[in-house]
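>>> I'll drop the sequence and a predicted model, then ask my questions.
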Amino acid sequence: RGAEAAKVFFANAEAEGADDAVELRRSAAFEYLKSGRIAEGIDVLRQVLAQVGFRLSSSPRRALPGLAWARLRATLRGQDFLPRAASEVPPALLRQVDVCWAAGVGLGMVDTFRAAELQTQGYLLALEAGEPYRAARAMCLEAAIVAVGGEGARDRALRLVSAAERIALAMQSDDLAAWVHGARAFAEYQVGHFAEAQRLAFASLTLLGEKCTGVAWGAASVELYLLWALYYRGDYARLASRVEERLTEARARKDLYARVNLTTGVPAFSWLATGRPEEARRLAQEALELWSDAHGAQLQHYWAHLSLATCDLYEGRGDDALHRVRALWPLIRRAFLLNVQAVAVEMHYLMGRACLAAASASSRPAPLIRGAVRHARCLDAMKVPWARGLAQLVFAGAREGVGDLEGARARWADAEGRLRAASMEGFAAAAQVRGAALIGGDAGQRAEAAALKHLADLGVADAPALVRTLAPSGAPGGRALVAPLQPLALPAPTVEPLR
């Protein structure tokens with residue numbers, strides 16, 4: 001009931017003194033934001049930020065200079081602080097810390113870079129204030145925002161989490177411990193450590209459920225980390241079960257934030273895994289209608305279009321998928337979401353797949369296959385195992401598209417090995433199916449049957465449709481060619497050991 005609470009807080013703010021009015025408006029903005037009422041939340045947030053001497057940047061681009069400056073200051077300053085009781089800290093400084101924290105939390109999973117600018121400033125203020133609880137809380141949120149940089153940012157993110165963990169242990173605080181597990185889960189997810197992300201997210205949710213109160217927003221965010229990990233690990237049965245349960249709960253409490261996040265992006269794959277593409281498409285369209293677009297492209301818009309493009313691939317509509325992703329790309333670029341490594345991986349992988357699917361039905365496939373190869377190279381250049389495994393899926397589909405069946409077999413095998421090493425079982429099984437189809441004979445049929453059974457065991461209702469979605473071929477009709485087309489210059493498989 002966040003929106004209802006926000007209205008009460010805001011109404012009371014109009015009748016209280018200046019100090020209480022700031023806190024009440026902060027609470028109103030936070031309740032609006034965490035319940036998904038973003039337009040209302042931003043309007044109130046702007047008011048309360050102005051009252052404490054801050055402002056919300058008008059766009060992600062305008063937030064970047066302030067974020068860069070705050071990050072530099074944070075790096076030079078370090079994590080140490082002089083602990084003080086809240087009663088020893090000037091109330092105005094505590095209000096600034098709390099307002100920046102509310103902005104960072106409320107917008108962090110919506111408008112990443114505008115939130116990050118305020119959050120990092122709030123992190124610096126929390127260290128200046130020295131109140132341990134607020135400092136640890138700010139460290140966890142700062143770690144999550146730093147972690148979106150991917151592999152190169154992981155060490156700094158985990159150092160922040162470790163510092164927060166020491167405070168949580170000293171204070172014996174269950175909710176800080178839950179924040180620590182959640183921040184660490186997010187950092188591990190960003191670099192493709194899905195098994196560890198799943199374990200940590202579950203630990204965070206257990207603490208939030210058993211030891212904490214008033215944490216519905218935090219639990220909804222950490223639940224996303226868990227669902228993302230389940231998807232990439234190929235645990236589709238558990239993914240579908242949890243999405244259905246959490247969606248029922250979100251609807252019951254009128255939680256728009258959780259409802260939209262559960263019906264778009266990775267969680268929405270649960271409807272495809274269970275063979276219900278029409279329901280996946282309906283819910284994604286509904287999410288777009290429910291979510292405000294008054295403040296530009298946000299993560300929820302990206303996730304909804306990701307779902308719709310994935311539905312197109314599942315249903316064999318490659319041209320529609322490609323058209324949709326091409327329209328989405330400039331919006332995501334303007335929102336600087338491609339600076340989030342996980343989003344960049346998803347987008348290059350999605351564009352590569354869309355190019356291959358469109359090529360399989362095109363009379364001029366070569367330009368589309370070349371486009372797929374460009375995006376696969378971008379994935380491979382990220383030098384993280386999960387991205388390189390996905391790159392091999394796209395490279396393999398491109399090899400089929402130009403009729404290089406031997407090269408395609410090698411690529412599918414390479415993709416399968418890399419993806420299995422990264423604990424991405426559904427993706428590995430899709431590569432195995434594709435590779436087995438090129439082996440032929442009894443051996444190929446046995447390998448294909450084993451891979452299809454494995455997908456069924458993971459909770460997949462229509463295995464061929466899932467293979468078409470995760471590992472499309474650029475060959476006519478999505479099948480391997482028997483006669484080569486004009487060959488393209490594709491890079492040779494990398495030979496460094498799997499990690």
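It's in.
>>> Low-confidence ranges, the protein, go.
Residue ranges of the chain with pLDDT under 70: 1-2, 15-19, 294-295, 478-499.
>>> and stretch 139-154, which residues are buried?
Buried residues in stretch 139-154, counting neighbours by 16 or more other Cβ atoms under 10 Å, are found at 139-150, 153-154. Backbone N, C-alpha and C define where each C-beta goes, glycine included.
>>> Could you do stretch 90-108 as well?
For stretch 90-108, burial by neighbour count (16+ other Cβ under 10 Å) applies to 93-108.
>>> nearest residue to Arg324 other than its sequence neighbours?
Leaving aside its sequence neighbours, Arg324 sits nearest to Ala309 (Cβ to Cβ, 6 or more residues apart in numbering; 4.6 Å).
>>> For burial, what's the neighbour tally of that neighbour?
25 (other Cβ atoms under 10 Å).
>>> Isn't it up against Ala327?
No. With contacts counted by Cβ atoms under 8 Å, Ala309 stays clear of Ala327, the gap being 9.8 Å.
>>> For the spatially closest residue to Leu230 that is not a sequence neighbour, identify the helix or strand it belongs to.
Among residues not flanking Leu230 along the chain, Leu239 sits closest, at 4.3 Å (Cβ to Cβ, 6+ apart). According to DSSP states H and E, Leu239 maps onto helix 236-252.
>>> tell me what that helix is packed against?
Secondary-structure packing of helix 236-252 (3 or more Cβ pairs under 8 Å, 6 or more residues apart in numbering; DSSP states H and E): helix 216-233, helix 256-262, helix 269-273.
>>> Report the buried residues of the second one.
Neighbour-count burial for helix 256-262 flags Leu256, Tyr257, Ala258, Arg259, Val260, Asn261, Leu262 (criterion: 16+ other Cβ under 10 Å).
>>> contacting residues for the third one?
Which is Ala258. Going by Cβ atoms under 8 Å, 6 or more residues apart in numbering, Ala258 touches Gly36, Ala216, Ala220, Glu223, Arg246, Leu247, Glu249, Ala250.
>>> 10 Å - rerun?
By Cβ atoms under 10 Å, 6 or more residues apart in numbering, the contact set of Ala258 is 34-36, 216-217, 219-221, 223-224, 246-247, 249-251.
>>> And the helix or strand containing Pro65, what's buried?
Using DSSP H and E, Pro65 falls within helix 60-77. Buried positions in helix 60-77, judged by neighbour count with 16+ other Cβ under 10 Å: Pro60, Ala63, Leu64, Gly66, Leu67, Ala70, Arg71, Ala74.
>>> Equivalent analysis for stretch 214-229, please.
215-229.
>>> just curious, which of those is nearest to Ala381?
Proximity of the buried residues of stretch 214-229 to Ala381 (Cβ to Cβ) peaks at Trp228, which lies at 22.7 Å.
>>> you'd agree Leu94 is up against Ala126?
Yes. Counting by Cβ atoms under 10 Å, Ala126 is a contact partner of Leu94 at 9.3 Å.
>>> hey, what's in contact with both of these two?
Residues within reach of Leu94 and of Ala126 at once, by Cβ under 10 Å, 6+ apart, are Arg134.
>>> what helix or strand does the nearest residue to Glu165 once chain neighbours are set aside sit in?
Of all residues not flanking Glu165 in the chain, Val180 sits nearest, at 4.7 Å (Cβ to Cβ, 6+ apart). In the assignment (DSSP H and E), Val180 maps to helix 174-190.
>>> Could you export that helix as PDB, CA atoms only?
C-alpha atoms of helix 174-190 as PDB (Å, rounded to 0.1, in the frame of the first residue of the first chain):
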ATOM      1  CA  ASP A 174      19.700  -8.600  10.700                       C
ATOM      2  CA  ASP A 175      18.500  -6.100   8.200                       C
ATOM      3  CA  LEU A 176      22.100  -4.800   7.500                       C
ATOM      4  CA  ALA A 177      23.100  -8.500   7.100                       C
ATOM      5  CA  ALA A 178      20.300  -8.900   4.600                       C
ATOM      6  CA  TRP A 179      21.500  -5.800   2.700                       C
ATOM      7  CA  VAL A 180      25.100  -7.200   2.700                       C
ATOM      8  CA  HIS A 181      23.900 -10.500   1.200                       C
ATOM      9  CA  GLY A 182      21.800  -8.700  -1.400                       C
ATOM     10  CA  ALA A 183      24.500  -6.300  -2.500                       C
ATOM     11  CA  ARG A 184      27.000  -9.200  -2.800                       C
ATOM     12  CA  ALA A 185      24.400 -11.200  -4.800                       C
ATOM     13  CA  PHE A 186      24.000  -8.300  -7.200                       C
ATOM     14  CA  ALA A 187      27.700  -7.900  -7.700                       C
ATOM     15  CA  GLU A 188      28.200 -11.600  -8.400                       C
ATOM     16  CA  TYR A 189      25.300 -11.600 -10.900                       C
ATOM     17  CA  GLN A 190      26.800  -8.700 -12.800                       C
END
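>>> from the middle of its chain, how far away would it be?
15 Å (Cα atoms, centre = their mean, to the nearest Å).
>>> can you check stretch 441-454 too?
33 Å.
>>> Trp303: which of the buried residues of stretch 139-154 is nearest?
Using Cβ to Cβ, Val148 comes nearest to Trp303 of these, at 15.0 Å.
>>> contacting residues for that closest one?
Contacts of Val148 (Cβ under 10 Å, 6+ apart): 108, 112-113, 116, 157, 186-187, 190, 337, 339-343.
>>> ok, those residues vs Pro83, which is closest?
Ala157 (22.9 Å).
>>> these two touch, right, the closest one and Arg184?
Yes. In terms of Cβ under 10 Å, Ala157 counts as a neighbour of Arg184; the distance is 8.4 Å.
>>> which residues do these two both contact?
Common neighbours of Ala157 and Arg184 (Cβ under 10 Å, 6+ apart) are Cys140, Ala143, Ala144, Ala147.
>>> With distance to Asp20 and secondary structure as new columns, can those be given to me in a markdown table?
As requested, those are arranged in a markdown table below (distance: Cβ to Cβ, whole Å; DSSP: H, G, I helix; E, B strand; the rest coil):
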| residue | distance to Asp20 | secondary structure |
| --- | --- | --- |
| Cys140 | 28 | helix |
| Ala143 | 32 | helix |
| Ala144 | 30 | helix |
| Ala147 | 36 | helix |
